[in-house]
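> When you get a sec, could you give me coordinates for this:
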Amino acid sequence: MKHHAQAGQAFAIGLLFGVGLLLSGMSNPQKVIGFLDIAGQWDPSLALVMGGAIAVGLPLFRLAESRSHRQLPSWSGAPIHLPGKSGITPRLVLGSVLFGIGWGIAGICPGPGLVLVGSLQWPGLLFVLAMVAGMLLFRPLDKALSR
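Numbers count the residues shown, from 1 in each chain. Presented below is the predicted three-dimensional model:
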């Protein structure tokens, strides 16, 4: 029963996140491209969305960090898995650059891509298929390049 409650909580949080992406305009590729186009007709409205997300998320992330150091579970009872603090690596920089280029070209990143799939829009479906292909190719390419 505990698994069903956690799955229900995860679904509710994901649904809230998706509704937030829709209401904020983050799932509209044209609006995102307008925000990223600082040399053209820049649309600063998404800066407020991102600022609001940081203002809400940062204190909660710090709270989760303090709970994980004390080996406390999340409020749902699930363990807290936070990323390690391993510094800036070439791999991190390359991944960030590739993510930024893709976001700038498509105006879509993973969360909004899933929202677009849920609303049956072709750009989202193509994006998510490309994202899954990239995930499947990552390990073989990483192994080949590390040799």
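
> CA atoms for contacts and neighbours, from now on please.
OK.

> okay, and for this structure, where does confidence drop off?
1 (pLDDT under 70).

> Show me where it has its strands.
Along the chain, no segments are classed as strands by DSSP state E.

> quick one, helices of it?
With DSSP state H, the ranges of helices along the chain come out as 2-24, 29-36, 45-69, 90-106, 110-118, 122-146.

> for those, which one sits closest to residue 76?
helix 2-24 (6.4 Å; Cα to Cα).

> For that closest one, which outside residues touch it?
The contact list for helix 2-24, computed with Cα atoms under 8 Å, 6 or more residues apart in numbering, reads 27, 28, 46, 49, 76, 78, 111, 112, 115.

> Throw together a ChimeraX command that grabs the buried residues out of the residues you listed.
Buried subset of these, written as a ChimeraX selection, criterion 16 or more other Cα atoms under 10 Å:
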select :27,28,46,49,111,112,115
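
> Distance to residue 102 added to the contacts of helix 2-24, as TSV?
As requested, the contacts of helix 2-24 are exported to TSV (distance: Cα to Cα, whole Å):
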residue	distance to residue 102
27	15
28	15
46	18
49	20
76	34
78	33
111	14
112	13
115	17
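
> All set now, cheers.
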